[in-house]
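> A structural model of the following input is requested.
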Amino acid sequence: MATLAEPLPGHGRDDRFFLKMAIAMALTIVAGFSFQVATGRSTFGAPPLVHLHAFIFFGWVVLFVSQNLLVTRGSIGLHRQLGWVGAGWASAMVLVGIYTTIEMTRNAATPFFFLPAYFLVMNILSILCFGGLVIVAIS
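This is a model prediction of the structure:
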């Protein structure tokens, strides 16, 4: 039986593609939220829970880009160690995301482009889907 050697980082794997897509995602998120602030739809005067939500969710984006960078550079061991931090971080995202969604709906502070009931149900479902995907990825 022949043994296949692992290709070098950046050669014969999809590392660079996923890193580029992670960076594109991060830039899109920053641009989208910057646009909301620039148009006055979002403000730094939001409740503390919204700032906690923003910190945790944007922290995930930084972690996601970092994880892709580690794989591209061949640091698989560090990638796996940091993955356990990501597991805890994802758990915090699910809890804070659901709580923030419920509180914003309760306070009639949902985004103007969603009906409150739609925002409540679909946002919670998407957060639970994210949590499920993280569980599958770790396992």
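> for the top helix by length along the chain, give the mean pLDDT please.
Using DSSP state H to define each element, the chain has its longest helix at helix 76-106. Averaged across helix 76-106, pLDDT comes to 94.
> number of residues surrounding residue 93?
Neighbours of residue 93 under the rule other CB atoms under 10 Å: 20. All C-beta spots, glycine's among them, are computed from the backbone N, C-alpha and C.
> that one reaches residue 55, doesn't it?
No. Using CB atoms under 8 Å, residue 93 makes no contact with residue 55, being 10.7 Å away.
> do you know how far residue 76 is from residue 15?
11 Å (CB to CB, to the nearest Å).
> who has more neighbours, these two?
Neighbours per residue (other CB under 10 Å) separate residue 76 from residue 15, with residue 15 holding more: 20 against 12.
> now that one, nearest residue through space, not along the chain?
residue 72 (4.2 Å; CB to CB, 6 or more residues apart in numbering).
> mind checking pLDDT for that neighbour?
At residue 72, pLDDT is 91.
> wait, it touches residue 20, no?
No. In this structure, residue 72 is not within contact of residue 20 by CB under 8 Å, at 9.5 Å.
> which one of the two has more residues nearby?
Using other CB under 10 Å as the criterion, residue 72 and residue 20 rank with residue 72 on top: 20 against 12.
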